[in-house]
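Q: Prediction below, plus the sequence it came from.
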Amino acid sequence: MHKNQIVSLDTLYDEIWENNIEASNARVQINNLRRKLPKGLIKNVYGLGYQF
């Protein structure tokens, strides 16, 4: 993954959680990261995924 690359939720499931997580739990984990990291570091790109 590179800076400003858009990553789909499917890619995150495959690469990070190896499909062992429910979609709602993955979104909760992303929201937890957003709270812990500097504001604006994780952006939601509507219809595509997340930009880091």
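A: Cool, the structure landed.
Q: okay, now residue 3: neighbour count?
A: 6 (other C-beta atoms under 10 Å). Placement of C-beta: from N, CA and C, glycine included.
Q: now swap in residue 48 and tell me
A: Neighbour number of residue 48 under other C-beta under 10 Å is 11.
Q: and it, what does it touch?
A: 6, 8 (C-beta atoms under 8 Å, 6 or more residues apart in numbering).
Q: give me phi/psi at it?
A: phi -120, psi -40 (degrees, to the nearest 10).
Q: and if you look at residue 51?
A: Torsion angles, degrees, to the nearest 10, at residue 51: phi -120, psi 130.
Q: Is it correct that it is in contact with residue 8?
A: No. With contact defined as C-beta atoms under 8 Å, residue 51 and residue 8 do not form a contacting pair (10.9 Å).
Q: In contact with residue 29, which residues are there?
A: Applying C-beta under 8 Å, 6+ apart, the residues near residue 29 are residue 21.
Q: pretty sure it is in a helix, no?
A: Yes. Assessed with DSSP: H, G, I helix; E, B strand; the rest coil, residue 29 lies in a helix.
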